[in-house]
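1. got a predicted structure plus its sequence, pasted below:
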Amino acid sequence: MGTRLQRAGQLGLLAKDMANVRCRKRGATRDRAVRQLVDRLGLMHGLPQKIGQLLAFSEFDQSDPAFTRLTENSPTLPTPDAFAELERQLGRSLQDCFRSIDPEGISASIGQVHRATLHDGRDVAVKVQYPDIAEQIDLDLRALGWLTAPVGDLRRGFDMGAYREEIGSMIHDELDYEREAGLLRQFASWTKGWPALALPEVVDELSTRHVLTTTWLEGKRLAETRSWPEHHRRTAAETILKLFLTGTFQWRCIHADPHPGNYRFRIDDRGATVGLLDFGCVKNIPAGLASGLAGLIGDAIAGVKDSGRVFDRFLEMGFNETMLEPLRGLLLEVAQTLCEPFLADGPVRVSAWRPGERLVEILGPHRMAFRLAGPPEMLFFLRTFQGVVHYLNLLSAPVVWREVWESVKPSASTPAAIPVRSELAAASQLMKSSSLHIQVREASQTKVSMTFNASATDSLPGLVPLELHEKLRARSIDLEHVVADAQRRDYAPGDLFAFDDGTKQVRVWLA
């Protein structure tokens, strides 16, 4: 009970720190607030530190990034406690296991790593799991609604339960170091013969469910590659892209934890090498996601510009038809933007591609609806893709995407998918309206504009941002009653509700 109360108190303080950052736009006061938030995230480990590692992506190009400190922070488990836990898990003294072990460790989200030397002279990394971390993660997951706000506000998701299950399942998998050891061996088998990729080796006799010992990988952080010759940076960039595309389309399994602490870069007599660490977060790629995405790329290369075909590809990837239908007219341009690097015969410079900025321009106020239409299974895939794009951008070495694609693409062409929810059109015919609209305006500007099929009205409480629920209740607007009234009127056109609190204007209507 004491541990739970302590964790609940920490989560409360974390919520306060997050709110403090959100209300400060820039300047010294925001910098201080960010440092305080980073310190809190680092001390808490588990899900909070995972979120901090996600935030590290947004600051890769800064000389002194704040959140990147969370990728290799100082450990919070005192050395005597860490060593006692190691002996308890291994069932023997550290002197029996190691010639020497560094008392200074490196913090990870669910454990900490100590460098050690075996009696045979090999240098190794010894990762020991924090005691009681599983209980802390369960408590964190119950707080997922507000905890994820700084990294995209997942609480606004169309199916929050599915997102919570996806994240929770992955983090619980990471608690099993025996599983991680097996995945590391699998990736080593798959990538055998890749000269520019280095993986650690598992030391089986010193590994358990809660301790993982692997050979030590030497290398520098990404920032050190800025002084490398371009041909070495290109080798590193090609290796990272090849690993991602091969994992997606051949193995249907990707290393989904691309934060900077998991990569090492070095140059030796054999050339440039990318070292990859930590195989706890590895995700299987659903068959539909892989085939649908391969179809989009193949169609783009073939010059196919069929909006209906593109729509079916997105459905094949698992997108929600009800939420995607109003965006049908934008999807061809979205697909062309995403597939653009595969169309070039020569090297592609990621800085000139600018996929994120261009998708924001294409989708405009509908970008939230597009994001929510994607399945929860895409969460870790998109996180990995984001990491790949960041690495390629910062390595600043153009890569021929088309060449890598030709070496990994599925052998047979993928036919266009049959819409997975073909009952949508029939259901829509029974409604007096065809579409549901949600609009949020501030300072005379539209901040959010989402359009859904009218059938999405039944899920209105999940579509309206949580921070508005309390304001609606204060004005006696009950979303459940709003939905029931719309159903009673057969979803007739007209306003469902609207309010203005002086700074924000919200309108929801059927048309």
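-> Perfect, I can see it now.
2. for the residue lying closest to Ala196 once chain neighbours are set aside, report the pLDDT, please.
-> Excluding its sequence neighbours, the residue lying closest to Ala196 (C-beta to C-beta, 6 or more residues apart in numbering) is Thr239, at 4.5 Å. Every C-beta, even on glycine, is put in place using the N, C-alpha and C of the backbone. pLDDT, Thr239: 98.
3. just Leu183 next, same as before
-> On pLDDT, Leu183 comes in at 96.
4. begin at 55, not 1, for the rest of this chat.
-> In the new count, where the first residue is 55, that last one comes out as Leu237.
5. just checking, next helix/strand downstream of the helix or strand encompassing it?
-> If you go by DSSP states H and E, Leu237 is part of helix 231-244. Tracing the chain past helix 231-244, the next element assigned as helix or strand by DSSP H and E is strand 251-252.
6. average pLDDT across the following helix or strand past that following strand?
-> Using DSSP H and E, the next helix or strand after strand 251-252 towards the C-terminus is strand 265-269. Strand 265-269 shows a mean pLDDT of 98 in the predicted model.
7. what residues sit buried inside the helix or strand just after strand 265-269?
-> Remark: after strand 265-269, the chain's next helix or strand is helix 284-300, criterion DSSP H and E. Residues 286-300 are the ones in helix 284-300 that count as buried (16 or more other C-beta atoms under 10 Å).
8. all strands of the stretch 405-554 of the chain, in order?
-> Secondary structure of the stretch 405-554 of the chain by DSSP state E, counting those that start in this stretch: the strands cover 489-496, 499-507, 548-554.
9. identify whichever of these lies nearest to Leu413.
-> Among the strands of the stretch 405-554 of the chain, strand 499-507 comes nearest to Leu413, with 15.6 Å by C-beta to C-beta.
10. check the offset of the helix holding Leu237 from the chain's centre.
-> For helix 231-244, the gap between its own C-alpha mean and the chain's C-alpha mean amounts to 21 Å (C-alpha atoms, centre = their mean, to the nearest Å).
11. got the contact list for that helix?
-> Identification of contacts with helix 231-244 by C-beta atoms under 8 Å, 6 or more residues apart in numbering yields 181, 183, 227-228, 253-256, 258, 261-266, 268, 300, 305, 307, 309, 330, 332-334, 336.
12. one more time with 6 Å
-> Contacts with helix 231-244, where a contact means C-beta atoms under 6 Å, 6 or more residues apart in numbering, come from Leu253, Val256, Ser261, Arg263, Leu266, Trp305, Phe333, Gly334, Val336.
13. from the residues you listed, list just the buried residues.
-> The neighbour count (16+ other C-beta under 10 Å) marks Leu253, Val256, Ser261, Leu266, Trp305, Phe333, Gly334, Val336 as buried among these.
14. now, which of the residues you listed sits nearest Asp150?
-> Ser261 (15.1 Å).
15. ok, that closest one - contacts?
-> Ala235, Thr267.
16. need the pLDDT of it.
-> Confidence score, pLDDT, at Ser261: 98.
17. do the same with Ala480
-> Note on Ala480: pLDDT of 43.
18. repeat for Leu297
-> So, for Leu297, pLDDT stands at 98.
19. separation between it and Arg287?
-> 16 Å (C-beta to C-beta, to the nearest Å).
20. reformat the strands of the stretch 405-554 of the chain as CSV; add mean neighbour count and distance to Glu431.
-> Shown next, in CSV, are those (neighbours: other C-beta atoms under 10 Å; distance: least, C-beta to C-beta, whole Å):
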stretch, mean neighbour count, distance to Glu431
strand 489-496, 19, 25
strand 499-507, 17, 21
strand 548-554, 14, 31
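21. would you single out the least confident of the ones you listed?
-> Note on the strands of the stretch 405-554 of the chain: lowest mean pLDDT is at strand 499-507, with a mean of 75.
22. for the residue nearest in space to the middle of the chain, which non-adjacent residue is closest in space?
-> Closest residue to the average C-alpha location of the chain: Arg437 at 3.0 Å, with C-alpha atoms, centre = their mean. Excluding its sequence neighbours, the residue lying closest to Arg437 (C-beta to C-beta, 6+ apart) is Ala310, at 6.3 Å.
23. neighbours around the one you found, how many?
-> Residues near Ala310, counting by other C-beta atoms under 10 Å, number 23.
24. tell me the domain ranges of this protein?
-> Using automatic domain parsing, the domains assigned to the chain come out as 56-125, 272-475, 484-564.
25. now do the longest one: distance to the chain's middle.
-> Just to be clear, that refers to domain 272-475. 13 Å.
26. before we move on, the earlier item: and of the buried residues of helix 284-300, the nearest to Pro429?
-> Among the buried residues of helix 284-300, and counting by C-beta to C-beta, the member closest to Pro429 is Phe298, at 19.0 Å.
27. contacting residues around the closest one?
-> Val442.
28. from Thr279, how far out is it?
-> Taking C-beta to C-beta, one finds Phe298 at 18 Å from Thr279.
29. stretch 551-564: end-to-end distance?
-> End-to-end span of stretch 551-564 (C-alpha to C-alpha, to the nearest Å): 10 Å.
30. distance between that stretch and the chain's centre?
-> Remark: stretch 551-564 is offset 32 Å from the chain centroid, using C-alpha atoms, centre = their mean.
31. report the buried residues of it.
-> Across stretch 551-564, burial judged by 16+ other C-beta under 10 Å covers Phe551, Lys558, Gln559, Val560, Val562, Trp563, Leu564.
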